[in-house]
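Trainee: I'll drop the sequence and a predicted model, then ask my questions.
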Amino acid sequence: MLIKLLSKSLLLVLMLTSCVTIRKNISKAPEKNEPQINKIIRYASLAGNSHNTQPWKVEVENGGTVINVMPDLTRKLNVVDPTSRGLYISLGAFIENLCQAASYYGLQSHVSVIRNESSDNTFARITLKPAQTEKYDLTAMERRVTLRTPYKTDTIKTAHLEKLTAGTDGCVKIISSAKLPGQYIAAKTLEAYAIQARREDAKKELAEWIRFSNNHVKAKRDGLTTAGMGITGFGGLMVSMMYKPEDSMKDSFIEKGISNVKIQTENCGGWLLITQQEDSPESWIKTGRVYQRINLRCRDLMIGMHPMNQMIEEPAFEEDANKYLNINGKIQFVARIGYVDKYPEPVSVRREIKDFMQVK
Ligand SMILES: Cc1cc2nc3c(=O)[nH]c(=O)nc-3n(C[C@H](O)[C@H](O)[C@H](O)COP(=O)(O)O)c2cc1C
């Protein structure tokens, strides 16, 4: 009787977990003879990026020794990211992963940021050459996630802060959630999130990147999936089967999102801010590299990281935040951080490299 019950529950759990498409369900095992450069670019694409738009295009030149990483403007979030800051932060995160993956294969990377006058775009050219270099770990890239669960409110230990921010050239500031400036960020993030979430143009833009059904996830391999948004278990199954992307524009969905964000902002140990002296694609790429470097260190320390940029995306809040927090430079990136007991495996999906890579 007990065995029957256990096997039924096991079957139900298996059904529930296999019903919502997650990264491991659609990732094929790499081909045996996959060129090294393809592996490096695949690792690069595991980087965090806004709304999982994966706004990158890659050209591989010179037998895999030169890689151009360019913005794919068809994937730009025109409403919430009109300046392309989030887009270039996402490219920066991709570049950081690319350089770390290259180091694993004994290649040193040199990154130059180039302004293309004719198209008014900025892109990065990365040259790779064999050299003795610090060897990074590929597993950290495979297992990095944006963690949206509530965190513990304990202050992050100094030794851990030092590990997280090592080599980030003083552009990172971590503010305890227990202090007044931390409470300010929590309140303003929630306020700005609610305004954005209820705005018609932002709702429409978000709906374009929502992938509820498994077929949609498999067809697109990008965007915010049911599991990616942290909607799991039976609820996740129901949402993936019954909701359409436009349902994300309904009041009930939006208000649930706002109450989740309230819980998130109230449950963290601190706020991580990345600042730069100027607003430029180059400084945003730097910001993205720093974000990704820090996020790759989080899992080993059982620290969750969750970008929440609404306070600086909404113009009415950005100026006030920079004035009130008065940090050296302009705030370009905001994330909540905090200790967690459980660190789930990544679920967000990625396109195949053939979808965005061209060999010249
Ligand atoms: C510039 C930037 C802004 C982001 N803003 C948010 C955000 O406001 N809320 C959120 O839940 N995730 C945010 N993210 C995280 C992305 O949604 C996440 O990286 C993407 O969905 C892929 O998931 P993964 O990081 O787990 O691989 C942001 C990421 C970046 C790079």
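Mentor: The structure has been received and is ready for your questions.

Trainee: count the residues that sit near I126.
Mentor: 21 (other CB atoms under 10 Å). Quick note: C-beta positions are derived from backbone N, CA and C, even for glycine.

Trainee: over to it. Which of the three states is it?
Mentor: Following DSSP: H, G, I helix; E, B strand; the rest coil, we place I126 in the strand state.

Trainee: and it, what is it in contact with?
Mentor: Going by CB atoms under 8 Å, 6 or more residues apart in numbering, I126 touches V66, I67, N68, V69, I95, L98, C99, A102, S109, H110, V111.

Trainee: now the buried members of those.
Mentor: I67, N68, V69, I95, L98, C99, A102, S109, V111 (16 or more other CB atoms under 10 Å).

Trainee: flag the helix or strand of the chain with the lowest per-element mean pLDDT.
Mentor: helix 2-19 (a mean of 57; mean pLDDT, DSSP states H and E).

Trainee: on that earlier part again, just the buried ones among the contacts of I126: which are in helices?
Mentor: I95, L98, C99, A102 (DSSP state H).

Trainee: and stretch 250-266, what's buried?
Mentor: Neighbour-count burial for stretch 250-266 [16+ other CB under 10 Å]: F253, G257, N260, V261, Q264, T265.

Trainee: from the residues you listed, which land in helices?
Mentor: F253, G257, N260, V261, Q264, T265.

Trainee: quick one: which of those residues is nearest R75?
Mentor: G257 (22.2 Å; CB to CB).

Trainee: quick one: contacts for that closest one?
Mentor: Here G257 is in contact with A197 (CB under 8 Å, 6+ apart).

Trainee: swap the cut-off to 10 Å and go again
Mentor: By CB atoms under 10 Å, 6 or more residues apart in numbering, the contact list for G257 reads Y193, A194, A197, R198, L206, M229, S248.

Trainee: could you check how many residues crowd around the fourth one?
Mentor: Right, the one you point to is R198. Applying other CB under 10 Å, I find that R198 has 14 neighbouring residues.

Trainee: the second one now?
Mentor: Residue crowding around A194 was assessed by other CB under 10 Å; the count is 18.

Trainee: mind telling me what element it is part of?
Mentor: helix 180-198 (DSSP states H and E).

Trainee: chain center to whichever helix or strand comes after that helix: distance?
Mentor: As assigned by DSSP H and E, the chain's next helix or strand after helix 180-198 is helix 200-208. Mean-position distance between helix 200-208 and its chain equals 19 Å (CA atoms, centre = their mean, to the nearest Å).

Trainee: for helix 200-208, give the mean pLDDT please.
Mentor: Helix 200-208 shows a mean pLDDT of 97.

Trainee: output the contacting helices and strands for it.
Mentor: helix 180-198, helix 251-266 (3 or more CB pairs under 10 Å, 6 or more residues apart in numbering; DSSP states H and E).

Trainee: what lies in contact with it?
Mentor: Counting by CB under 10 Å, 6+ apart, residues outside helix 200-208 touching it are 51, 53, 77-81, 195-197, 199, 223-224, 244-250, 253-254, 257, 310, 313-314.

Trainee: touching the ligand at all, that helix?
Mentor: No - figure legend: helix 200-208 not in contact with the ligand (CB under 6 Å from any ligand atom); closest approach 10.4 Å.

Trainee: now the angle from that helix to helix 251-266?
Mentor: 90 degrees (axes from the mean of the first three to the mean of the last three CA atoms, to 10 degrees).

Trainee: quick one: classify the residue nearest to the spatial centre of the chain as helix, strand or coil.
Mentor: By CA atoms, centre = their mean, the chain has its centre lying nearest to G48, at 2.6 Å. Of the three states, G48 takes coil under three-state DSSP.

Trainee: ok, back up a step: heading C-terminal from the least confident helix or strand of the chain, find the next helix or strand.
Mentor: Taking DSSP H and E, what comes next after helix 2-19 is helix 23-26.

Trainee: check which helices and strands that next one is in contact with.
Mentor: By 3+ CB pairs under 10 Å, 6+ apart, helix 23-26 packs against helix 2-19, helix 214-220.
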